[in-house]
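**Student:** Would you be able to build a 3D model of this:
(one chain, ligands or ions: 1)
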Amino acid sequence: MTYEEAPACDRHETKVLMQLRTMHSDSSRPEVVVGLFECPECGHERRLPIRTSDAA
Ligand SMILES: [Zn+2]
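**Tutor:** Numbers count the residues shown, from 1 in each chain. Okay, here's the model as predicted:
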């Protein structure tokens with residue numbers, strides 16, 4: 001699986017793209033994967049749901 005739209009860290013004036021660290025699947029919502037992103041500059045972590053392409 002690839003994820004091409006990395007979120008930008010909101011703690012910087014410049015646009016710093018966060019990096020995908022891990023992904024978790026939610027058994028109650030199998031069409032959604034939660035990605036844990038981390039900013040390479042400040043270490044800020046953020047969780048975002050990633051909807052997989054085969055959503056029902
Ligand atoms: Zn940051």
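**Student:** Tell me what the residue nearest in space to the middle of the chain is bridged to.
**Tutor:** In the chain, the C-alpha nearest the mean C-alpha coordinate belongs to Gly35, at 3.9 Å (C-alpha atoms, centre = their mean). Beta-bridge pairing of Gly35, defined through DSSP bridges, involves Met23, Leu48.
**Student:** near the ion, which residues of this structure?
**Tutor:** For the chain, the residues in contact with the ion under the definition C-beta under 5 Å from the ion are 9, 11, 39, 41-42, 44. All C-beta spots, glycine's among them, are computed from the backbone N, C-alpha and C.
**Student:** Can you say which of those are buried?
**Tutor:** Listed as buried from the residues of the chain next to the ion are 9, 39; burial here means 16 or more other C-beta atoms under 10 Å.
**Student:** which among the residues of the chain next to the ion gets closest to Arg29?
**Tutor:** In terms of C-beta to C-beta, no member of those lies closer to Arg29 than His44, at 25.1 Å.
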